[in-house]
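Student: Dropping the sequence and predicted coords here.
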Amino acid sequence: MSYRLGIDVGGTFTDLYLLNESNYQVETLKVASSPDDPSRAIVGGVTTLLERHSIRPEEVAYLSHGTTVATNTILQQVGAKVGLVTTSGFRDLLEIGRQKRPSVYDLFADKPPVLVPRYLRQEVIERVGHDGSVLLTLDAQSLESAVKAVLDEGIEALAVCFLHAYANPEHERQAKALAKKRGPSLYVCASHELTAEFREYERFLTTVLNAYVGPILSGYLLHLRENLHQLGLRIDPYIIQSNGGLMSVTSAVLNPIRTALSGPSAGVVGAAYVATLAGSPNIITLDMGGTSTDVSLLRDTKPRMQSAQQMAGYPVRVPTVAIHTIGAGGGSIAWIDDALGFHVGPRSAGAVPGPAVYGLGGDRPTVTDANVVLGRLNQEALLGGAMPIRKELAADSIRTLADRLNMTLEQAAAGVIRIVVSNMVRAVRVISVEKGEDPRDFALMAFGGAGPLHATAVAKQLGIRQVIVPPAPGLLCALGALLAVPRMEYSKTRVFPVTEDYGGLAEVFQGLAGQARAWLKRESVPREAWRLEYSVDMRYVGQNHELTLPLPEGRIDRETVLGTVEGFHQEHNKQFGYSSPGNPVQIVTCRVVARGVETQLHPTWRPVEEGPIAAPRALRPVYFESTGEWVQCPVYLRDDLVPGAVVKGPAIIEQTDSTTVLYHDDSTTMDGYGTLIVDVGLP
C-alpha cells in the first residue's frame, strides 16, 4: 500500500489529510499547532495518524504541506540580519519606495519598517541600461569593498539588487559568486533569480524579503525533513507556494518568499476540487480559521492569479492566487475603543492562550466565545468531544463588553457576530464588486473551522443564494495540499508594440520555456506530465498598470497577438468600466507557467435517496442575531445525514472539524459526495 498525506499548518490547528491510494479511503486528524516550532505539531500529528491506523512510515509515498513560517517571520519582524549591495546611486531606494502613505486619510500611519538599515546597504560601481546594454562595467574593487563591508557587520543573508538586472543579469551573477566565495555559509539571493521584471523598488524589496526569511525558512524545512526521515519516512516533503502549486525543499530554500501565502492558496486548490464535484464552477471562497479569513474568487474553477501581493505593507513581486485576507477568525478579539466604538480583530488570541472558553488562560472576548454564549457552538466540548470547553469563562469574557456598553450578554455576543460578518462581507466585495464581478453570480464555498458558522449570514448580506459546505470543511486546506501539483512561473520584462517584432517576442518566450522545462526536470516531474502555459501583460501606451491575458502555446504570430489585444480591451472594460480600442497597446512582460498534471482522486459517491429524514441528536437554545430572540434549535450530527437528506432552518449541524448554522429561511441538502448544498433564504 501507499499513502498520500496533505498537511496544513494554521495559527490554531495543524490539519492532516491522509489518502490510501489503493482504495481511496481517507483519514483525518486535527492537532494543536506549535507556533514556536511548527515542525513539532507536524511530526506529532503524522506519528499519531500512522500509529492510529497501523501504517508503516515507509508506506507514505507523498507528503506536502502549507506553511506559515515565512508569513509569520515578516509579520513579527523576526527575520535574518540582511545586507544589500546595489548599483551606485540606489542605496536609498528601499526607503524612498513609491512615496505612498499606507492610508490616504491617516496622516499618522507609519510605513512598514525598512528591513535593511542604511549602514548595511552598500553601493557598487556598475550600470546596465533598460535594454540590457552595459553602460558601466562592473568595478571589481568596489564590489569587493561592498561585500567586505556588509560581511564585517555580521550579516546572515545578502540581497544583490542591481538596476535593470532583469534585462541583463550578468553583473548580479558576478556579485553573487563573489559573495558566496567570501561567505560560504551566507544566504545569498539575486533579484533576477526571483523576478526578471521591471519596477526597481518592488524587485529590490522582494529580493530583500526573500533574504530576510531565507535563513529562517530554510532552517525550518531542513529540520522538518530530518525529523520526518527519523520518523521513518523515505520521501522529502513538498511545500505549497503562494500560487497554489508545489515545489521541493530545494526550490523552497532558494525561493522562500514564494511561500508567503502557502496555506490559504492550498485552500483555494481544495475549494476548486469540491466545486467541480458539486457542479458549481463559479465560487467565492470563505476560509475562516482561528486568526484570519481568506477570500478568493474562482470562475470555471480557476482562481484569479496576480503577479504581486501586499504583505504587512510590503509589495511582494511573486505570482500568487488572488487572495484577500482580513483579521477575522474564531480567535479574533472583540474590543471597545475610548469613544465606545465596538471592534472585532485584527488581533487574535491565537492558539495560546486562545479564546477564554478553551480554559488555557485567555480572558479576552473572542468570536468563538460569542458563538458559545449564543449557543451556536457545542456547550460542552469541541473537536467532537476532544476539546472540553468552559462556557462560563466565555460568558465572563463577553460580559466585559456587555457591562461597558450597557447591553445584555446575548446582545453583546450578537454584536460580535454582526461585526465580524460585516468585516467578511467587505472582504468579499473587495475581490468581487471592486473587480467587476457580481457576487450574486457565485456560490459561497465555506470552509475553515469557523467558515460554515458564519457563511449563511455573509451570503444573506451579499445576495448569494447558495452556500457550499465541503465534507470536511476544517481540513480543506490540507486536502488542497494533497491535490496540488508542481508549479513555477517564469517572466521577463520586454516592451513590444503589439503590431510588430513577433520574432523578438517568440525569442523571449523560447528562453522562458527553456527555464520552465529545466525546472520541471529538476523537480522530477515525469516528462509526460509537463505542461506549459503562456501569457502576456498588456497595457495602453502611457499607462502604469497592466492586465495579464493568456496566449496560446506555440502561436506567437500576428493573428494570435491581435486576438489577445481584443481580449485585453474586453477585460479592461470589465475591471475598470471603460476601454480605448483606438489607443495603441503594448506587451510589457512575457510569462510562462510550468506545471504538472492534476492529481486524480476518486471520491466515494453514494446514491441520493428520496427524502431521508435524520433525527436531531438534541435541542438547544440558540440566539439568532437576525431576529434577536432565543430559539429551541434542533442540533444534527453531520455523520447522521445521508445523501438526499434535507435539513431546514433554524438548525445546527455539528461535526468534528466545524459547525454549520442554518437561519430560519435556510435549508440544506446533502449530495452524493457528502457535500452540504445550502439554499439561502433571501428577503
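Tutor: Great, that's in hand.
Student: three-state assignment of the residue lying farthest from the centre of the chain?
Tutor: Residue farthest from the centre of the chain, counting by C-alpha atoms, centre = their mean, is residue 141 at 43.4 Å. Look at residue 141: counting by DSSP: H, G, I helix; E, B strand; the rest coil, its state is helix.
Student: Near the nearest residue to residue 475 once chain neighbours are set aside, how many other residues are there?
Tutor: Distances taken as C-beta to C-beta, 6 or more residues apart in numbering place residue 15 nearest to residue 475, at 4.5 Å, with adjacent residues excluded. C-betas here are computed from N, CA, C, even on glycine. Residues near residue 15, counting by other C-beta atoms under 10 Å, number 30.
Student: if I look at residue 15, how far off is residue 379?
Tutor: 24 Å (C-beta to C-beta, to the nearest Å).
Student: how near is the closest residue to residue 400 other than its chain neighbours to residue 325?
Tutor: Among residues not flanking residue 400 along the chain, residue 365 sits closest, at 6.2 Å (C-beta to C-beta, 6+ apart). Applying C-beta to C-beta, the value for residue 365 to residue 325 is 22 Å.
Student: what's the answer for residue 273, then?
Tutor: Using C-beta to C-beta, residue 273 is found at 21 Å from residue 325.
Student: three-state assignment of residue 612?
Tutor: Per three-state DSSP, residue 612 ends up coil.
Student: Can you name the residues that contact it?
Tutor: Residue 612 makes contact with 642, 644, 645, according to C-beta atoms under 8 Å, 6 or more residues apart in numbering.
Student: From those, list the buried ones, please.
Tutor: 642, 644, 645 (16 or more other C-beta atoms under 10 Å).
Student: so the last one sits right up against residue 669, yeah?
Tutor: Translated: residue 645. Yes - judged on C-beta atoms under 8 Å, residue 645 makes contact with residue 669 at a distance of 7.0 Å.
Student: Where do the strands of the stretch 101-250 of the chain begin and end?
Tutor: 121-124, 127-128, 134-136, 157-161, 187-190, 238-240, 246-248 (DSSP state E, counting those that start in this stretch).
Student: any chance of these in JSON lines, plus mean pLDDT, mean neighbour count and distance to residue 621?
Tutor: Below are the strands of the stretch 101-250 of the chain laid out as JSON lines (pLDDT from 0 to 100; neighbours: other C-beta atoms under 10 Å; distance: least, C-beta to C-beta, whole Å):
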{"stretch": "strand 121-124", "mean pLDDT": "98", "mean neighbour count": "22", "distance to residue 621": "62"}
{"stretch": "strand 127-128", "mean pLDDT": "97", "mean neighbour count": "20", "distance to residue 621": "71"}
{"stretch": "strand 134-136", "mean pLDDT": "97", "mean neighbour count": "12", "distance to residue 621": "76"}
{"stretch": "strand 157-161", "mean pLDDT": "98", "mean neighbour count": "30", "distance to residue 621": "56"}
{"stretch": "strand 187-190", "mean pLDDT": "97", "mean neighbour count": "25", "distance to residue 621": "57"}
{"stretch": "strand 238-240", "mean pLDDT": "95", "mean neighbour count": "28", "distance to residue 621": "41"}
{"stretch": "strand 246-248", "mean pLDDT": "95", "mean neighbour count": "23", "distance to residue 621": "47"}
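Student: With distance to residue 390 added, can I get those strands in CSV?
Tutor: Output for the strands of the stretch 101-250 of the chain, formatted as CSV (distance: least, C-beta to C-beta, whole Å):
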stretch, distance to residue 390
strand 121-124, 52
strand 127-128, 64
strand 134-136, 69
strand 157-161, 45
strand 187-190, 46
strand 238-240, 35
strand 246-248, 41
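Student: Could you check how far the nearest residue to residue 437 once chain neighbours are set aside is from residue 253?
Tutor: Once flanking residues are discounted, residue 437 sits nearest to residue 297: 6.2 Å by C-beta to C-beta, 6+ apart. Residue 297 is 32 Å from residue 253, where distance means C-beta to C-beta.
Student: Which one's more surrounded, these two?
Tutor: residue 297 (23 against 18).
Student: before we move on, back to that, thinking the residue nearest to residue 475 is in contact with residue 480, fair?
Tutor: No - with contact defined as C-beta under 8 Å, residue 15 does not reach residue 480; the gap is 10.4 Å.
Student: Quick check: neighbours shared by the two?
Tutor: Residues touching both residue 15 and residue 480 by C-beta under 8 Å, 6+ apart: residue 8.
Student: quick one: residue 487 and residue 615, what's the gap?
Tutor: Taking C-beta to C-beta, one finds residue 487 at 46 Å from residue 615.
Student: So for the two, which sits in the more crowded spot?
Tutor: Using other C-beta under 10 Å, the more surrounded residue of residue 487 and residue 615 is residue 487, with 23 against 8.
Student: Would you check that the more buried one makes contact with residue 598?
Tutor: No - here residue 487 lies out of contact with residue 598, judged by C-beta under 8 Å, at a distance of 10.7 Å.
Student: Now that we're looking at the residue nearest to residue 359 when sequence neighbours are not counted, what pLDDT does it have?
Tutor: Leaving aside its sequence neighbours, residue 359 sits nearest to residue 390 (C-beta to C-beta, 6+ apart; 4.5 Å). Note for residue 390: predicted pLDDT of 95.
Student: Same question for residue 430.
Tutor: Value for residue 430, per-residue pLDDT: 95.
Student: For it, which three-state class applies?
Tutor: Judged by three-state DSSP, the three-state class of residue 430 is helix.
Student: ok now do it, which residues does it touch?
Tutor: 295, 324.
Student: change it to 10 Å
Tutor: Going by C-beta atoms under 10 Å, 6 or more residues apart in numbering, residue 430 touches 295, 297, 324, 326.
Student: circling back to that earlier point, ok, of the buried ones among the contacts of residue 612, which one's closest to residue 44?
Tutor: Nearest to residue 44, judged by C-beta to C-beta, of the buried ones among the contacts of residue 612 is residue 642 at 34.4 Å.
Student: mind listing the helices for the stretch 201-350 of the chain?
Tutor: For the stretch 201-350 of the chain, the helices defined by DSSP state H, counting those that start in this stretch occupy 249-254, 262-278.
Student: Just the buried positions in the shortest one, please.
Tutor: In terms of neighbour count (16+ other C-beta under 10 Å), helix 249-254 has its buried residues at 249, 251, 252, 253, 254.
Student: What is the distance between that helix and the centre of its chain?
Tutor: Computed by C-alpha atoms, centre = their mean, to the nearest Å, the separation of helix 249-254 from the middle of its chain amounts to 18 Å.
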